[in-house]
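*Asks:* model the following, please.
(4 chains)
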Protein chains: 2
Amino acid sequence: MSHTLGIRQAQKQKTRQALLDAALGLLEEQSLSSLGLREVTRAVGIAPTAFYRHFRSTADLGVELVEAALGSLHPMIESTVSDAGDSDERITRAVDLIARHVDAYPAHVRFIARERHGGVQPVREAIRRQLARFAEEVKVALAEHPESAGWSDEDLLMLAGLYVDQMLMTASQFLEAQEGGAEERDRVARMATQRLRLISIGRHHWKD
Amino acid sequence: MSHTLGIRQAQKQKTRQALLDAALGLLEEQSLSSLGLREVTRAVGIAPTAFYRHFRSTADLGVELVEAALGSLHPMIESTVSDAGDSDERITRAVDLIARHVDAYPAHVRFIARERHGGVQPVREAIRRQLARFAEEVKVALAEHPESAGWSDEDLLMLAGLYVDQMLMTASQFLEAQEGGAEERDRVARMATQRLRLISIGRHHWKD
DNA sequence: AATTCCAGAGAACAGTTGTTAACTGCATGG
DNA sequence: CCATGCAGTTAACAACTGTTCTCTGGAATT
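*Replies:* Numbers count the residues shown, from 1 in each chain, chains lettered A, B, ... in the order given. Sure thing, here's the model as predicted:
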């Protein structure tokens, strides 16, 4: 159905993706505000000037990285909240899902955690917008649960935001624990599980 | 009682403090990993080489900034948790305290939020250590409350960590809302209050 | 087949960076 | 009062940065 895009545009998208990947790699040990344009092109193996064919600046590249990173996170959120099952097993499954995601896309998680409060305003803004969108989706999903009867819209959004923040926090903690041994990761998993349990309990007694 | 420290060491500490302050100012619109040594000395008005009389590198300076920033935050934590009073008014007072702190030391708050997951490993480590210390203190304070009867040590630490993270999160949100109008700050305050309420409810029903 | 288009190369620009070395002047301790 | 110590200066280094302009080769269009 999609017509074959031509050799030309295909190559362009290929080097463009290479730039994004290289940047993500370099950002493992620095922040975006110190990432140099030449540094990225050197890692890809193209001339510095060719960078401008794809991005206006490294900040621009950063904004696109936000889409990529949070795009990969998006399906996870849905399956975390919307799915049914016992409350406790829903929680352990969510934590497990986060752990797997961190293992699969560590650079994405690191990028979001780092640049959410980072030194590049447009990137912060992009992350903030996407996370607000996530929270909105979670809110809608929560509203369908029977436990949410009598909840105000604002309180539902509060809870959704709490879940989203908690998810990011947990992901970042898994990332830090990645270097450490398996017992360190287990500790993070247990802590995160208990946090979610406490939130869940608070949620069920909210109406009192 | 403290003997007068001499003109010499006094001047040294003065320019040293000037370097720290200048760095904190420059870090409002960038991250530590892109902060240049020359940039800082230029802002202070001394020669670049004089920097080495005080710090080995900008990362070194960053570690000292952690002590300064979290030192100012330390007394706040105590008065947040340990003080008595009705649960609800304790919460609103805590949120108010956070808001005041952000107004008083915005650069400190920004620095911690930014560098907690930032690109400079020694600084991340320093922040992590200090926050762990905070959580430990909060845990001890919580253990004294009558509501904490029957809680395991690990669960108490989980709750303490949740409080600390929540405090930082709220502070960072107040900072973002600082540019916005008063209604934006009110929204943040309300959200934070409700989050703490939910956590408090979960805490009281934990034993079930 | 002839023409246009455009991703990437190459060279050059004015600045910037961290770090070294050898210095100066002044407060300090003997 | 004189010798030492040391915060800060000056000069110079090689290496790096973002950005502009001009050029080229091959795919795309006509």
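
*Asks:* from chain A, which residue is nearest to DNA strand D?
*Replies:* When scored by Cβ to the nearest atom of the strand, chain A has A:G6 as its residue closest to DNA strand D, at 2.6 Å. Any C-beta I mention is one placed from the backbone N, CA and C, and that applies to glycine too.

*Asks:* model confidence score at the residue nearest the centre of chain A, please.
*Replies:* Nearest to the geometric centre of chain A sits A:L70, at 4.3 Å (Cα atoms, centre = their mean). What the model reports for A:L70 is a pLDDT of 96.

*Asks:* where does it fall, secondary structure wise?
*Replies:* Assigned by DSSP states H and E, A:L70 belongs to helix A:58-81.

*Asks:* restricting to C-alpha, output that helix in PDB.
*Replies:* Output in PDB follows, covering the C-alpha atoms of helix A:58-81 (Å, rounded to 0.1, in the frame of the first residue of the first chain):
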ATOM      1  CA  THR A  58      20.900  19.600  18.700                       C
ATOM      2  CA  ALA A  59      17.900  20.900  20.700                       C
ATOM      3  CA  ASP A  60      15.800  20.100  17.600                       C
ATOM      4  CA  LEU A  61      17.200  16.600  17.600                       C
ATOM      5  CA  GLY A  62      16.400  16.300  21.300                       C
ATOM      6  CA  VAL A  63      12.800  17.100  20.700                       C
ATOM      7  CA  GLU A  64      12.600  14.300  18.100                       C
ATOM      8  CA  LEU A  65      14.200  12.000  20.600                       C
ATOM      9  CA  VAL A  66      11.400  12.700  23.000                       C
ATOM     10  CA  GLU A  67       8.900  11.400  20.500                       C
ATOM     11  CA  ALA A  68      10.900   8.300  19.900                       C
ATOM     12  CA  ALA A  69      11.600   7.600  23.600                       C
ATOM     13  CA  LEU A  70       8.100   8.200  24.800                       C
ATOM     14  CA  GLY A  71       6.600   6.600  21.800                       C
ATOM     15  CA  SER A  72       8.200   3.300  22.800                       C
ATOM     16  CA  LEU A  73       6.800   3.800  26.300                       C
ATOM     17  CA  HIS A  74       3.300   4.500  25.200                       C
ATOM     18  CA  PRO A  75       2.000   1.000  24.600                       C
ATOM     19  CA  MET A  76       3.400   0.000  28.000                       C
ATOM     20  CA  ILE A  77       1.200   2.500  29.800                       C
ATOM     21  CA  GLU A  78      -1.900   1.200  28.300                       C
ATOM     22  CA  SER A  79      -1.300  -2.400  29.100                       C
ATOM     23  CA  THR A  80      -0.300  -1.400  32.700                       C
ATOM     24  CA  VAL A  81      -3.500   0.300  33.600                       C
END
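
*Asks:* helices and strands around it, which ones?
*Replies:* helix A:6-26, helix A:37-44, helix A:87-104, helix A:106-115, helix A:121-144, helix A:153-177 (3 or more Cβ pairs under 8 Å, 6 or more residues apart in numbering or on different chains; DSSP states H and E).
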